[in-house]
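Visitor: this one's sequence-less:
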């Protein structure tokens, strides 16, 4: 059964038994995840056409299967150093809503790991103390057998620059 992630966790820490599928990817050694409902495809890197005078968060565009798609550099937004692409680098093409508009974009990932089923009750609120990133960008954190998964909040982290 596929469901969307809840906006807030039950205050008693008891989530529902509903599950959803999440795509996991890596940036600077940290494992991030998004609901697969917003993921359209994962592709090998394409040439990025740099757009002059744009924010480093969205430095250019790619031609993804005949569509012009803005590229998002999450490392810049999250305050991580930008690194060169490697053989493991992938572009994750996503689409989400901002207000009444649907926006398609590609996120540069150091690597893409897997699609996994997550029980909503495993997602905990991100701690306010010691977080490296703005709390608005983080939906929550889940502890898996191998690592911590940081779930991004697509309603805030992928918001177009200047949008309210």
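Guide: Perfect, thanks for sending it. Source: prediction; values computed, not measured.
Visitor: buried residues in the worst-scoring helix or strand of the chain on mean pLDDT?
Guide: The helix or strand of the chain with the lowest confidence, counting by mean pLDDT, DSSP states H and E, is helix 154-157 at a mean of 86. Neighbour counts using 16 or more other CB atoms under 10 Å place 154, 157 of helix 154-157 among the buried residues. Every residue, glycine included, has its C-beta placed from N, CA and C.
Visitor: Over to stretch 63-80?
Guide: Buried residues in stretch 63-80, defined by neighbour count with 16+ other CB under 10 Å: 64, 69, 70, 71, 72, 73, 74, 75, 76, 77, 78, 80.
Visitor: related to what we said a few turns ago, list the helices and strands the least confident helix or strand of the chain packs on?
Guide: strand 90-98 (3 or more CB pairs under 8 Å, 6 or more residues apart in numbering; DSSP states H and E).
Visitor: Which neighbouring elements make contact with the strand it packs on?
Guide: Partner elements for strand 90-98 (3+ CB pairs under 8 Å, 6+ apart): strand 19-27, strand 39-43, strand 60-64, strand 101-109, strand 111-119, helix 154-157.
Visitor: Poorly predicted segments of the chain, please.
Guide: 1-16, 129, 160-164 (pLDDT under 70).
Visitor: mind running it again at 50?
Guide: Within the chain, the ranges that satisfy pLDDT under 50 run 1-14, 162-164.
Visitor: Report the separation between the closest residue to residue 155 other than its chain neighbours and residue 49.
Guide: Excluding the flanking residues, the one nearest residue 155 by CB to CB, 6 or more residues apart in numbering is residue 96, at 7.6 Å. Applying CB to CB, to the nearest Å, the value for residue 96 to residue 49 is 22 Å.
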